[in-house]
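Sequence first, then the predicted structure, then my questions.
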Amino acid sequence: MTADCDAVRNKLREMFGGVVGGKHGYSVPDITHFLCHKIGENWLVTAPDKSVTDVAKLRTNNGSGNIACFCSNASRDVIISFLGSDSIAFFGGNSTYRGRISAYMRGDNQKLFVGDRCEINSANFLVVGNDSQITIGDECLLSFDVNIRTHDEHGIIDMTTGHCLNPAADVHIEPHVWLAREVSIHGGVHIGFGSIIGERAMVKKSIPRLCMAVGTPARVIRTNVSWSNSLSPEPDLTSYLMDFEKKLGPADLSNYKQENGPSRQSL
């Protein structure tokens, strides 16, 4: 069992390197002493001070080699469903998971990464397509009934060429993003650091950093804005966020659908 646990921990470390690569704003723990619980041919990994009853339900469908890792307590309404093999769902530490949260992972070698100090009230993560991934940075706030997906689950076919018009595509949400109630994020979207997505918005193209976007489809209505957990912003919040963004470095948007509106600088 010790050798198996070491292999599981190493697989998690490989995920950390491949998905977030030690970047600022994507905190990963030292998992040397994390506990590994084998469930069938899959694994539930918990922080040393957590028990299996503190974390989510794990469901599989004949898959193997899947890993669900929790660094914080989670409601029993958190359900991870693996419909494939060799995929990882990671939920970071110092975070709050309140209501019903489901991660539906349909495919092989998929990744779901949720960073540190996040707050999720209720959400559905739909990771569809082999090698697909959803990445969420530190300090993100997801309100109620948020939906994030890499694919529509049904193909849309061009009748002339026979090509699929909606292939699976990754989703990346940078740190300190607020997704309001019933927001829907579609595949191929990158949401920049500090941004706010308004209630019931449908996001189908990427949103720049420090912006507010609303509507269906979502469009940027204000720039150079962010948000605070408190009713009155902390005195040092602006300087903290500016320093945070500098440490993040430039965003790599090469693999994401671009927002067609004016840039942050031009508004």
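Ah, there it is.

low-scoring stretches of the stretch 101-250 of the chain, by residue?
For the stretch 101-250 of the chain, no stretch is flagged by pLDDT under 70.

can you pull out the helices in it?
237-248 (DSSP state H, counting those that start in this stretch).

Can you show me the strands along the stretch 1-150 of the chain?
35-39, 42-46, 57-60, 67-70, 78-82, 88-91, 96-97, 101-106, 111-114, 119-120, 123-128, 133-136, 141-142, 146-149 (DSSP state E, counting those that start in this stretch).

can you check the stretch 151-267 of the chain too?
Under DSSP E, counting those that start in this stretch, the stretch 151-267 of the chain gives strands at 171-173, 178-179, 184-185, 190-191, 196-197, 202-203, 211-214, 219-223.

need the longest helix for the protein.
Longest helix in the chain, counting residues (DSSP state H): helix 2-15.

Can you name every helix or strand that that helix contacts?
strand 35-39, strand 42-46, strand 67-70, strand 88-91 (3 or more CB pairs under 8 Å, 6 or more residues apart in numbering; DSSP states H and E). For every residue, glycine as well, the C-beta is placed using N, CA and C.

mind checking which of these is nearest residue 127?
Nearest to residue 127, of all these, is strand 88-91, at 8.4 Å by CB to CB.

Name the residues that touch that closest one?
11-12, 15, 66-72, 74, 80, 97, 103, 105, 110-114 (CB atoms under 8 Å, 6 or more residues apart in numbering).

picking up where we left off before, can you list the helices and strands packed on helix 2-15 in a markdown table and add mean neighbour count, distance to residue 5 and mean pLDDT?
Shown next, in a markdown table, are the helices and strands packed on helix 2-15 (neighbours: other CB atoms under 10 Å; distance: least, CB to CB, whole Å; pLDDT from 0 to 100):
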| stretch | mean neighbour count | distance to residue 5 | mean pLDDT |
| --- | --- | --- | --- |
| strand 35-39 | 15 | 4 | 90 |
| strand 42-46 | 22 | 8 | 92 |
| strand 67-70 | 26 | 11 | 93 |
| strand 88-91 | 25 | 15 | 95 |
